[in-house]
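Visitor: For reference, the sequence and a predicted model appear below.
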Amino acid sequence: MRKDDCIFCKIANGEIPSETIYEDDMFRTIMDLGPASKGHALILPKQHYRDLCDLDRETAAKVLPLAAKIGDAMKKSLGCRGFNVVQNNGKEAGQTVFHYHVHLIPRYEEGPDMVSWAPEKADPEELKQTGAAIRSAL
């Protein structure tokens, strides 16, 4: 099912033009209009899913192999040394379009530091309590 008011549904289904680098019956992969680095692409399912928690099993099973295929093509064609696979869920996590999508961001030697954080020291008791809380919700 697609949502009529979803811009990514319209792009994924070819109603809005995009620089498409890959397409099959389930996905369209396009160049991002606001790239974090040269070659930044988005994998868009043609079906509408709000986020990772909404994704069906078939789509979920196919998206990471597709990310690997495109990431490998990026390394071969763009000369990047690696790539990040980024997927945001919810406004607080940086999701701005509420149609599940995956960012593939090529990373170049001497390129900018993009996806990183400063690890903090974990309190063992807090880890125990947090782990228990998550386990109880599974």
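Guide: Alright, I've got the coordinates.
Visitor: Which neighbouring elements make contact with the helix ranked longest in the chain?
Guide: If you go by DSSP state H, the chain has its longest helix at helix 57-78. Applying 3 or more C-beta pairs under 8 Å, 6 or more residues apart in numbering; DSSP states H and E, one finds that helix 57-78 makes contact with strand 20-23, strand 27-31, strand 41-45, strand 82-86, strand 102-107. C-beta here means a position set from N, CA and C on the backbone, and glycine is covered the same way.
Visitor: which residue is nearest the centroid of the chain?
Guide: residue 102 (1.7 Å; C-alpha atoms, centre = their mean).
Visitor: Run through the chain and note the low-pLDDT ranges.
Guide: Scanning the chain for pLDDT under 70 picks out 1-2.
Visitor: ok, now which residue in it is the farthest from the centroid?
Guide: residue 125 (32.8 Å).
Visitor: How much space separates it from residue 47?
Guide: Going from residue 125 to residue 47 by C-beta to C-beta, to the nearest Å gives 43 Å.
Visitor: Residue 20: how many residues sit nearby?
Guide: Using other C-beta atoms under 10 Å, residue 20 is surrounded by 15 other residues.
Visitor: Identify the bridge partners of it.
Guide: residue 30 (DSSP bridges).
Visitor: Quick one: residues contacting it.
Guide: 28, 29, 30 (C-beta atoms under 8 Å, 6 or more residues apart in numbering).
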